[in-house]
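Student: model the following, please.
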Amino acid sequence: MNDLAPLLTPEGRALLDEVRDTDPAHELAVATRLRRTHPAELVSAALGQARLRQRAVAKFGTEDAGRMFFTPNGVEQSTRASVATYRAECLRARGVRSVADLCCGIGGDAIALARAGIRVLAVDRDPLTCEAARANADALGLAGLIEVREADVTEVDTAGCDAVFADPARRSSGRGRIFDPEAYSPPLSWAVSAARAAPLGLLKIAPGIPHEAIPAEATAEWVSDGGDVKEAVLWFGPDVTPGARRATLLPAMAGIYVTPGTELPNPEVRPVGRYLYEPDGAVIRAHLVAEVAGDLNGGLIDPTIAYVTSDEAHSTPYATAYEITDRLPFNVKKLKALLRERAVGILTVKKRGSAVEPEELRRKALPKPHGSASVTVFLTRVAGAPAMLLGHPVR
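Tutor: Residues are numbered from 1 along each chain as shown. This next block holds a predicted model:
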């Protein structure tokens, strides 16, 4: 698919409605039937778009995904609606009324910004991507607030905008994920300069960025949604605290924020207690495990492992709690015997600090279910030694 125009015609839109819920297993039969009355290229494009819309439901929800237009890269790389909405509300609360969305993709962030009442200049250099962004703005009734411009973002004047949001492409169609920041499109150094020059600048980066690579004048924020880390963003501007770090957890809207000099020292290492706490990924990426351990009155099971232990049960949005029932040295045969003895049929394996793959352990320790009981096994290190901790989530 290199042109959305046929799908935007009355015939194309009607065909999209007809194939909306097509099961991929039945595509060949559906395509054969529809090609009797419609051009083959249009049928293929409609079925392809239906597949993309089905994939996009996880990010945009059923209603929006069913009206929007996507490219394969657009579905994969676009911001999840919940995260984009959170950011748009942050900007609206700061009084931002206009944003230059550089490398806008299919318009996920632009849509959220426009819904917050913010005017958006959405820029991308790819013609098909821009076509999708325009179609999405129109389909969602936001064309009056979103201007989509096909251009090289490095040549766009953003002087009239209250804020600049840059999201350099970190993947390529031919090579997949790009690890060299200067190979991003545009290069990370240019994006940092653009964010620095704006009244308020936001730069989306890979969540795994080394902390030493973060510009000293930026505030770094890691955002998770439903426990999964979705992105990291650097904030630049006169009211931004240099060197601050934040972990934001959605949908709870919980956050931990520290400024330089206020960080807690590394937690002490303790024997494994009754409870094990698995910090949210955003907390770990932001290096804020010590703050969570402090709230839990807990310590670490190993100086290099981000598991917090405590003898007390605490309710916290920043970590998932497990009650530990068994502490074993790593031994697959012992684990297998224990699972059989307890009639375990559901085995969840988590790992941190272990080279063993969860699926490999699951296959060896529980080749077939023995009953209806469930257990979670943590493959990790305790005070430097390989260990297995067994337990279950605290409800």
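Student: helices and strands of the chain: which one bottoms out on pLDDT?
Tutor: Comparing helices and strands within the chain by mean pLDDT, DSSP states H and E singles out strand 171-172 as the least confident, with a mean of 62.
Student: confirm that residue 67 sits in a strand.
Tutor: No - assigned with DSSP: H, G, I helix; E, B strand; the rest coil, residue 67 falls outside any strand and is coil.
Student: check it and give its pLDDT.
Tutor: The model reports residue 67 with a pLDDT of 96.
Student: name the nearest residue to it, sequence neighbours excluded.
Tutor: Residue nearest to residue 67 in three dimensions, not counting chain neighbours: residue 139, with 4.6 Å by C-beta to C-beta, 6 or more residues apart in numbering. C-beta coordinates here come from the backbone N, C-alpha and C atoms, glycine included.
Student: ditto for residue 223
Tutor: Of all residues beyond its chain neighbours, the one nearest residue 223 is residue 248 (4.7 Å), with distances taken as C-beta to C-beta, 6+ apart.
Student: the one you found pairs with what?
Tutor: According to DSSP bridges, the residues that bridge with residue 248 are residue 223, residue 255.
Student: number of nearby residues for the residue nearest to residue 67?
Tutor: Residues lying near residue 139 (other C-beta atoms under 10 Å) number 17.
Student: same thing with residue 373?
Tutor: When neighbours are counted by other C-beta under 10 Å, residue 373 registers 14.
Student: show me what contacts it?
Tutor: Going by C-beta atoms under 8 Å, 6 or more residues apart in numbering, residue 373 touches 342, 343, 344, 345, 346.
Student: what's the spacing between it and residue 337?
Tutor: 15 Å (C-beta to C-beta, to the nearest Å).
Student: would you agree the residue nearest to residue 67 is in contact with residue 65?
Tutor: No - counting by C-beta atoms under 8 Å, residue 139 does not reach residue 65; the two are 10.8 Å apart.
Student: which residue ranges of the stretch 101-250 of the chain form strands?
Tutor: In the stretch 101-250 of the chain, the segments counted as strands under DSSP state E, counting those that start in this stretch are 119-124, 146-150, 163-166, 171-172, 176-177, 201-205, 219-225, 228-236, 245-250.
Student: tell me how far the residue most central in space within the chain lies from residue 216.
Tutor: Using C-alpha atoms, centre = their mean, the residue of the chain that lies closest to the mean C-alpha position is residue 230, 1.8 Å off. Look at residue 230 and residue 216: by C-beta to C-beta, they are 25 Å apart.
Student: same check, this time on residue 41
Tutor: In this structure, residue 41 and residue 216 are 53 Å apart, going by C-beta to C-beta.
Student: and the two? Which one has more around it.
Tutor: Between residue 41 and residue 216, counting by other C-beta under 10 Å, residue 41 is the more crowded of the two (12 against 7).
Student: surely that one meets residue 5?
Tutor: No - proximity of residue 41 to residue 5 does not meet the contact threshold set by C-beta under 8 Å, at 11.7 Å.
Student: thinking again about what came up before, between the contacts of residue 373, which has the most around it?
Tutor: Within the contacts of residue 373, neighbour counts (other C-beta under 10 Å) peak at residue 344, which reaches 22 neighbours.
Student: show me what contacts that one?
Tutor: With C-beta under 8 Å, 6+ apart as the criterion, the residues that contact residue 344 are 366, 369, 370, 371, 373, 374, 375.
Student: let's see it at 10 Å
Tutor: The contact partners of residue 344, by C-beta atoms under 10 Å, 6 or more residues apart in numbering, come to 335-336, 338, 365-366, 369-375, 377, 390.
Student: nearest to residue 313, of those residues?
Tutor: Top of the list for closeness to residue 313, among the contacts of residue 344 and by C-beta to C-beta, is residue 390 at 17.4 Å.
Student: confirm for me that the closest one is in contact with residue 380.
Tutor: No - judged on C-beta atoms under 10 Å, residue 390 makes no contact with residue 380 at a distance of 11.7 Å.
Student: which of those two has more neighbours?
Tutor: residue 380 (23 against 20).
Student: quick one: secondary structure of the more buried one?
Tutor: Applying three-state DSSP to residue 380 yields a three-state assignment of strand.
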